[in-house]
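Asker: Need coordinates for the below:
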Amino acid sequence: MSVAVIVVAAGSGERLGAGMPKAFARLASWSVLDHALVRVPPDADLVVVAPASHLEQARVTVALHQEIRPSPSAIVVAGGGTRQQSVAAGLAALGDEVDVVLVHDAARALAPIEVFERVVEAVRTTGEGVIPVLPVTDTVKRVHDGVVVATVDRADLVAVQTPQGFPRAALEAAYAAATVDHTDDAALFAAAGHSVATVPGDPRGFKITTPDDLHRAAQLLGPEWAVAHGRGGVGYDVHAYDPEVRLRLGGLDWPGEPGLSGHSDGDAVIHAIVDALLSAAGLGDIGSQFGTDRPEFAGAASAVFLERALSLVAESGWQVANVAVQIVGAHPKIGPRRQELEEHLSALVGAPVAVGATTSDRLGFTGDRGLGAIATVLLAAAP
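Answerer: The predicted structure is shown next:
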């Protein structure tokens, strides 16, 4: 039997509050949809159902997926006004050879491939619908007008996940006969008179709905994911104090503080970040890209270097996962403006930037003559 997976990514994601459909929200430098697609069995055809407003973005995501872990076929179609209409659009796009259909929510982005495999095997064995489930462990109460009216026996209750699997012909017939909206495909399938079996689900298959869910997903991915999919780099820069120029540090002005001498604006923090970005991506260092032999960079704002470095990193197939910067110098005092500095740098980089600061106890160059900055960068492979 040929298998196809319909990935439903057409939800608005209002409760996530990301300002975009939740399938396109960022999760550990990838989109939620990217994470969902890499867990689809590679031998299954793929249909992604996306909002009409994000069709092009979905096509780019699927095209990148096909380069990394290609499915036999992969297409993107526009979703409808309801989830049921979106799944129907996905069904209409299936190739003639498909016999088994899995319907999966992109929001369950971390559902492991083993769940897909269990569902497919059970559909082939039973010839009926199959859903992955988890036992309900919390006590369940029935409530009316804010008052508990009964305790529900949880012995026969399960929490339902996706992917949900079905024989294609039976699912298409059930969709054609449906006259009301159902909460999931299994309910629609059962309403048409078919049986639905269960297989064990997985806790990682939870649905990303709120910001807390997105944070939980990032924690589950953990540092192992970043290490497996990323590269690190270190950058260092130092400049002497120059009281005749204004201080530009981390892309911010620091009135009343002595500036830093340099070929450009002397922003040691951004220079260190640029050096780390180039190092991590294997693109040399700041001197080879923006050296003092380049007159066009004389007096330039260091944000220009950062923008160019980020572009080079992206062209090389990498995305910034996070940045950490340690500033070493007697002044300025970083603490009072640390949050402002972190927020500004994070906006420039497009990823979280953490800033630390220390002195060298008046020892050496950074004791009183100048300021140094050390940056570390983690890049993640672009999906």
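Asker: got the buried residues for the longest strand seen in the chain?
Answerer: Identified as the longest strand of the chain according to DSSP state E is strand 230-249. Neighbour-count burial for strand 230-249 flags 230-231, 233, 235-239, 241, 246-249 (criterion: 16 or more other C-beta atoms under 10 Å). (Each C-beta comes from the backbone N, C-alpha and C, glycine too.)
Asker: Who does that strand pair with, and is each partner parallel or antiparallel?
Answerer: Using DSSP bridges, the strands paired with strand 230-249 are strand 252-260 (antiparallel), strand 370-381 (antiparallel).
Asker: Just say which of those is most tucked in.
Answerer: Among those, ranked by average contacts under mean count of other C-beta atoms under 10 Å, first place goes to strand 370-381 (a mean of 23).
Asker: What's the mean pLDDT across that strand?
Answerer: Across strand 370-381, pLDDT averages out at 90.
Asker: right, and the strands paired with strand 230-249 - which one's nearest Gly19?
Answerer: Gly19 lies closest, by C-beta to C-beta, to one member of the strands paired with strand 230-249: strand 370-381, at 21.7 Å.
Asker: Now do that closest one: distance to the chain's middle.
Answerer: Counting by C-alpha atoms, centre = their mean, to the nearest Å, strand 370-381 is centred 22 Å from the centre of its parent chain.
Asker: Using CSV, write out every CA atom in that strand.
Answerer: Provided in CSV are the C-alpha atoms of strand 370-381 (Å, rounded to 0.1, in the frame of the first residue of the first chain):
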residue,chain,number,x,y,z
GLY,A,370,40.6,49.9,26.2
LEU,A,371,37.7,47.6,26.0
GLY,A,372,37.5,44.0,24.7
ALA,A,373,34.6,41.7,23.7
ILE,A,374,34.4,38.0,23.3
ALA,A,375,31.4,36.5,21.4
THR,A,376,30.3,32.9,21.0
VAL,A,377,27.7,32.0,18.3
LEU,A,378,25.7,28.8,17.7
LEU,A,379,24.5,28.3,14.1
ALA,A,380,21.8,25.8,13.3
ALA,A,381,21.5,24.2,9.9
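Asker: Wait, His194 touches Glu128, no?
Answerer: Yes: the criterion here is C-beta atoms under 8 Å, and His194 meets it with Glu128 at 5.9 Å.
Asker: if we can go back for a sec, what distance separates the longest strand of the chain from the middle of the whole chain?
Answerer: Centre-to-centre, strand 230-249 and its host chain are 30 Å apart (C-alpha atoms, centre = their mean).
Asker: Show me what stretch 243-257 is in contact with.
Answerer: Residues outside stretch 243-257 that contact it (C-beta atoms under 8 Å, 6 or more residues apart in numbering): 258-261, 265-270, 301-303, 306, 325, 327, 331-332, 337, 340-341, 344-345, 348, 355, 371.
Asker: Restricted to strands, list those.
Answerer: Those of the contacts of stretch 243-257 mapping onto strands are 258-260, 325, 327, 355, 371, per DSSP E.
Asker: By mean pLDDT, which helix or strand of this protein comes out lowest?
Answerer: Within the chain, no helix or strand scores below helix 286-290, which has a mean of 71 by mean pLDDT, DSSP states H and E.
Asker: residues near Ala218, how many?
Answerer: 14 (other C-beta atoms under 10 Å).
Asker: For the helix or strand encompassing it, the averaged confidence score.
Answerer: Element membership of Ala218, judged by DSSP states H and E, is helix 211-229. Helix 211-229 carries an average pLDDT of 78.
Asker: Equivalent analysis for stretch 307-316, please.
Answerer: Stretch 307-316 comes out with an average pLDDT of 90.
Asker: Which residues belonging to it are considered buried?
Answerer: In terms of neighbour count (16+ other C-beta under 10 Å), stretch 307-316 has its buried residues at 308-310, 312-313.
Asker: Outside of that stretch itself, list whatever touches it.
Answerer: The contact list for stretch 307-316 (C-beta under 8 Å, 6+ apart) reads 273-274, 277-278, 280-283, 286, 289-290, 319-320, 349-350, 379, 382.
Asker: Show only the entries of the residues you listed found in strands.
Answerer: Reading strands off the contacts of stretch 307-316 with DSSP E, I get 319-320, 379.
Asker: Helices along the stretch 51-200 of the chain, start to end?
Answerer: Per DSSP state H, counting those that start in this stretch, the stretch 51-200 of the chain carries helices over the ranges 55-68, 83-92, 113-126, 168-177, 185-191.
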